[in-house]
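> Just to be clear, the model below is a prediction. Sequence and coordinates:
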Amino acid sequence: MASSRAAAPVVSPDFSARQQLALLAHERLCAEYGAPFLFFSDKDPLSELISALLSHRTKNADSHRAYQQLRATFPTWEAVRDAPTLDVQRALSACTWPEQKAPRIQAVLLEISRRCGDENLPPCSLDFLANRPIPEARAWLESITGVGPKTSAATLLFSTLRLPTMPVDSHHHRVAQRLGLIGPKVGEGPAHALLAALLPPDWTAQQVYDHHEALMYHGQKCCFFHSPACGRCIMLDVCPVGQAKINPPQ
Ligand code: SF4
């Protein structure tokens, strides 16, 4: 949610106006932060799925360390699945809530093994998702307990699959709300479909990635949760929250 110190966002009821605003934000913020951005990951989709699950409400550096420690401790995903949960929890000590994430990750790996045909076999590669229509691939992932729209989009976009699906993290979500691309009460989960609908359907994975990264960087570097730096923001002229902040009602 937007900071309580910022004015409530104003959302245009005009869908095409919001589409134009999304494209304007893309153009300006991609130029500002140096798009095209290099993909930060080249993990296979199963590894990316586990990495995304670890990243929930965790700083990137901490979830990265937990992922590295998990890989160093267990040679395969099958070994993670079958290990004593306490051992997995210990390997995840660098991230938040290892006591919750360890059993969840093991349950996800077990579910994938079952869906691949045998819970005693190693969890299968998720490369087959590349051959499914994107909504079907997302539905397949999101029908696994604990996998939501952000995790499914991250798995399909950030992994070697490189499918054009857009995750929405807390920074991206905050910037989109303040600009008025989505309403002030729309949560991160429902924001995925609403924000994706504003983008051209034929965008490549690189374009979708650039859009996500540019809005995320803006949230990290300018549109802070507390005290957004509206005075130096390149979106100020089109941002209802920024305008209300610099021109408060008398
Ligand atoms: S003007 Fe910029 S920094 Fe201020 S709320 Fe809008 S997007 Fe955020």
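Thanks, I have the structure now.

> separation between the residue in the chain positioned nearest to the ligand and residue 102?
For the chain and the ligand, the shortest gap (C-beta to the nearest ligand atom) falls at residue 242, measuring 2.4 Å. The way it works is simple: take the backbone N, C-alpha and C, and place the C-beta from them, glycine included. Remark: distance between residue 242 and residue 102 (C-beta to C-beta, to the nearest Å) = 42 Å.

> Residue 17 too?
Counting by C-beta to C-beta, the gap from residue 17 to residue 102 is 46 Å.

> Give me the more crowded residue out of those two.
Neighbour tally, residue 17 and residue 102, criterion other C-beta atoms under 10 Å: the higher count belongs to residue 102, 23 against 12.

> helix/strand/coil for that one?
Following DSSP: H, G, I helix; E, B strand; the rest coil, residue 102 is assigned to helix.

> okay, which residue is most central for the protein?
The chain has residue 167 as the residue nearest its centroid, 3.4 Å off, counting by C-alpha atoms, centre = their mean.

> Hmm, residue 167 is touching residue 212, no?
Yes: judged on C-beta atoms under 8 Å, residue 167 makes contact with residue 212 at a distance of 6.1 Å.

> any shared contact partners between these two?
Common contacts of residue 167 and residue 212 (C-beta atoms under 8 Å, 6 or more residues apart in numbering): residue 157.

> which ones are touching the closest residue to residue 245 other than its chain neighbours?
In space, and not counting its chain neighbours, residue 245 is closest to residue 230: 5.0 Å by C-beta to C-beta, 6 or more residues apart in numbering. Residue 230 makes contact with 236, 239, 241, 242, 245, 246, according to C-beta under 8 Å, 6+ apart.
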